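Chemist: 3D, please:
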Amino acid sequence: MKKQLKTFTWFMGLMGKRLPLYLTAILVSTIGSALSKVANAWIVEDIVTAAQTRETQGLLWSVIVSFGLFVLGWVLWRFGIIRYNIEGRRGVATVEKLVFAKAMRLPYAYYEQHHSADFMSKLTFDTERAGDIYSSRLRRLLSAVISSIVFLVPMICDSWQLTLCLLGVSILSFAVNALFLSPMKQNGKQLSRQHGVILEKLTNMLAGIELIKIFPMRGTMWEDYHVANADYYETQVKAGKLSAALESLNCLFDLTGALAFLGLGIYFVSKGMIGLGQLTAIYTLYGSFRYVFLDIGTYLPQMMNCLANAERLYQFLQLEEEEDVAAAPVPLWQEQRQGYAVTVEKLSFSYGDMPLLNDLSLNIKENSFVALTGESGCGKSTLAKLLLGFYTPNKGQIFVCGKSCQNSSIKEIRDLIAYVPQDPYLYGVSIAENIAYGRSGVNPSDVPMEDIIAAAKAANAHDFIMELPCGYQTIVGERGNTLSGGEKQRIALARAVLKNAPVLLLDEATSALDGKSEQLVNEAIKKVCQNHTTIMIAHRSTTIAMADEVVVIG
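Modeler: Here you go, the predicted model:
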């Protein structure tokens, strides 16, 4: 319970300065609703008492006052529930933005080590279920607790003996409900995990749909999804059984409470311990009290269920972020490295216990074209990721344009490098917008069209773009799947050109292309590399031949 309390405190703290207003809205709406019911019970009590005693003096005034309280309660409830809905929705949006922003700050290694479905599950399933705390669960639980207290006060005033007897029956039902807390929480955690597994199977299927159609994998993929879906279904069935059992028990206690009230009410009236009007008022209030008191037992397990999802979000948001070191004063070594765009000094790096780079030193002159080559697995692409700050070296230093990667912010270093990967990613938007993303810190719609066209021409992309039905406004589809490999590479190169960074880093930019596409991309690279330091990771002899210098890694 201590862990759940810590998670709950953290989760509510995410609302920040809006939390008092949110809680006040719940309090106001709950008291307003309860006050209306209490006023209604008082009206019934006054009328029944007057009918029993045939004493009507002051009845009209009493009914008017009670009706005024009823109207006041309704106004408070309406005002509070509107404000609560606004603040609850704002709280859910805050959580969604936090999770998304966290994803942007996580290191590259996280995405290499975790399936994309794991993050999607957190952004959708866990965020939605945890958000239920703001949008419904907390209000219902607090409303049940507060309303129970509000209803008990006038009931005790009318007859504390009868009220305590009825309270004992309700506490017994609450204790039974509490037994469901742990199973429902565990069930919630299991649902969250299995939902992530299902998402993983679906994303694997969509990402590899070509392989599924070409190779005999349909049966295997279907079986994997069927097993994951069956497990999820079984857990949902278990959740349904738990909820049904809880609801059935509550119905049983509801009937027991009604029978207990009738028996005790007849006894207390026969003994002259309570009047008929008071009994009627208690009966009116007890119906509402019994309902909200049982709600505590219903909503508390549901709250624990949602807290299990909030706990997963908490663990996600506590993950170590990509380190962004504040820029340090310019050290003396800069004078010794003037004229070099990239310097690598005694660099070592390993993936876990597997060493990959060992004491690598490298000097790349400004405005030069260097080809990095070597056997597969020797660390060429890893060196590119180290330059981009995706990984931190075990030892050694990297300098880009006179700035130390260790003592400068990641943004500073990445602003100096335009990167084109082997398989460039294009968003499912227009070609113009895909190219415009190269202009950092600027909304794509604000990038002048002439700049986009100039970048496309430099990358040998303008001609084929103009042949498309909508030209630069052509939507390229998910991952650019409506374009060929060479066309995607040239758009990615245009995006790098628009960035206009001093260092152009190309990772196997032509390895997956046919001869004609390779020639077009190589021509584009020759034009782009002028006035830039170009680092090309390459295997093909035609690409290596373009370089001023060839460096063999490994």
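
Chemist: Next one: the closest residue to Pro444 other than its chain neighbours, what pLDDT does it get?
Modeler: Using CB to CB, 6 or more residues apart in numbering and skipping the chain neighbours, the partner closest in space to Pro444 is Ala436 (3.7 Å). Quick note: C-beta positions are derived from backbone N, CA and C, even for glycine. With respect to pLDDT, Ala436 has a value of 89.

Chemist: Quick check, Ala436 in contact with Ile453.
Modeler: No: counting by CB atoms under 8 Å, Ala436 sits too far from Ile453 to count as a contact (11.2 Å).

Chemist: Mind checking which of these two has more residues around it?
Modeler: The residue with more neighbours, out of Ala436 and Ile453, is Ala436; 25 against 19, by other CB atoms under 10 Å.

Chemist: quick one: contacts for the more buried one?
Modeler: 442, 444-445, 447, 452, 498 (CB atoms under 8 Å, 6 or more residues apart in numbering).

Chemist: Let's have those residues in TSV, adding distance to Thr533, neighbour count and secondary structure.
Modeler: Shown next, in TSV, are these (distance: CB to CB, whole Å; neighbours: other CB atoms under 10 Å; DSSP: H, G, I helix; E, B strand; the rest coil):
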residue	distance to Thr533	neighbour count	secondary structure
Val442	24	13	coil
Pro444	26	17	helix
Ser445	31	8	helix
Val447	24	19	coil
Ile452	24	26	helix
Leu498	17	24	helix
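
Chemist: Just the closest of the residues you listed to Leu279, please.
Modeler: Closest approach to Leu279 among those (CB to CB): Ser445, at 71.0 Å.

Chemist: any idea how far the closest one is from Ser430?
Modeler: From Ser445 across to Ser430, the span is 10 Å (CB to CB, to the nearest Å).

Chemist: got it, and Asp463?
Modeler: In terms of CB to CB, Asp463 sits 17 Å off from Ser430.

Chemist: Compare neighbour counts for these two and give me the winner.
Modeler: More crowded of Asp463 and Ser430, by other CB under 10 Å: Ser430, with 17 against 11.

Chemist: pretty sure that one is in contact with Gly477, am I right?
Modeler: No: contact criterion CB under 8 Å: Ser430 and Gly477 do not qualify, at 11.1 Å.

Chemist: Pull the number of nearby residues for Arg83.
Modeler: 17.

Chemist: For it, give me its contacts.
Modeler: Arg83 touches 21, 24-25, 28, counting by CB under 8 Å, 6+ apart.

Chemist: give the contact list for the residue nearest to the spatial centre of the chain.
Modeler: When CA atoms, centre = their mean is applied to the chain, the residue found nearest the centroid is Leu123 (2.9 Å). Leu123 makes contact with 96, 99-100, 103, according to CB under 8 Å, 6+ apart.

Chemist: Work out for me the element the spatially closest residue to Asp158 that is not a sequence neighbour sits within.
Modeler: Using CB to CB, 6+ apart and skipping the chain neighbours, the partner closest in space to Asp158 is Gln278 (4.2 Å). Using DSSP states H and E, Gln278 sits within helix 276-317.

Chemist: where does that helix sit relative to the chain's centre, distance-wise?
Modeler: Distance of helix 276-317 from the chain centroid (CA atoms, centre = their mean, to the nearest Å) equals 27 Å.

Chemist: same for it, what does it pack against?
Modeler: Counting contacts by 3 or more CB pairs under 8 Å, 6 or more residues apart in numbering; DSSP states H and E, helix 276-317 packs against helix 2-13, helix 19-53, helix 59-105, helix 127-132, helix 138-158, helix 160-178, helix 181-207, helix 218-270.

Chemist: quick one, which of those is packed in tightest?
Modeler: For the helices and strands packed on helix 276-317, average neighbour numbers computed from mean count of other CB atoms under 10 Å are highest in helix 127-132, which has a mean of 21.

Chemist: What lies in contact with that helix?
Modeler: Contacts of helix 127-132 (CB under 8 Å, 6+ apart): 11, 91-92, 95-96, 99, 188, 192, 305-307, 309-310, 312-313.

Chemist: Could you do stretch 24-42 as well?
Modeler: Contact partners of stretch 24-42, identified using CB under 8 Å, 6+ apart, comprise 62, 66-67, 69-70, 72-81, 83-84, 87, 138-139, 142-143, 146-147, 150-151, 154, 281-282, 284-285, 288.

Chemist: Now do the same contact list for Arg414.
Modeler: Taking CB under 8 Å, 6+ apart, one finds 388-389 in contact with Arg414.

Chemist: Please confirm that it is located within a helix.
Modeler: Yes: assigned with DSSP: H, G, I helix; E, B strand; the rest coil, Arg414 falls within a helix.

Chemist: Now do it, the pLDDT please.
Modeler: On the pLDDT scale, Arg414 is placed at 84.

Chemist: Likewise for Met221?
Modeler: Note for Met221: predicted pLDDT of 68.

Chemist: Tell me the helix or strand right after the helix or strand of the chain with the lowest mean pLDDT.
Modeler: The weakest-scoring helix or strand in the chain, judged by mean pLDDT, DSSP states H and E, is helix 333-336 (a mean of 43). Sequence-wise, the next helix or strand downstream of helix 333-336 (DSSP H and E) is strand 340-351.

Chemist: Just checking: what are the partner strands of that following strand?
Modeler: Applying DSSP bridges to the sheet, strand 340-351 is found paired with strand 354-365 (antiparallel), strand 395-400 (antiparallel).

Chemist: Would you point to the one among these that's packed deepest?
Modeler: Of all the strands paired with strand 340-351, strand 395-400 has the most neighbours on average by mean count of other CB under 10 Å, namely a mean of 19.

Chemist: If you average the pLDDT over that one, what comes out?
Modeler: On average, the pLDDT along strand 395-400 is 88.

Chemist: What's the mean pLDDT across the following helix or strand past it?
Modeler: Proceeding C-terminally, strand 395-400 gives way to strand 403-404 as the next helix or strand, assigned by DSSP H and E. Strand 403-404 carries an average pLDDT of 82.

Chemist: what does stretch 349-356 give?
Modeler: For stretch 349-356, the mean per-residue pLDDT is 78.

Chemist: Span of it from start to end?
Modeler: By CA to CA, to the nearest Å, the extent of stretch 349-356 from end to end equals 6 Å.

Chemist: just how off-centre is it within its chain?
Modeler: 32 Å.

Chemist: Now do it: everything it contacts.
Modeler: Residues from elsewhere that reach stretch 349-356 (CB under 8 Å, 6+ apart): 348, 357, 378-379, 382, 386, 391, 393-394.

Chemist: Pick the one among those closest to Ile535.
Modeler: Out of the contacts of stretch 349-356, the member with the shortest distance to Ile535 (by CB to CB) is Leu386, at 12.2 Å.

Chemist: what about that closest one, distance to Leu319?
Modeler: Leu386 is 21 Å from Leu319, by CB to CB.

Chemist: related to what we said a few turns ago, quick one: the residue nearest to Asp158 and Pro154, what's the gap?
Modeler: Distance of Gln278 to Pro154, computed by CB to CB: 10 Å.
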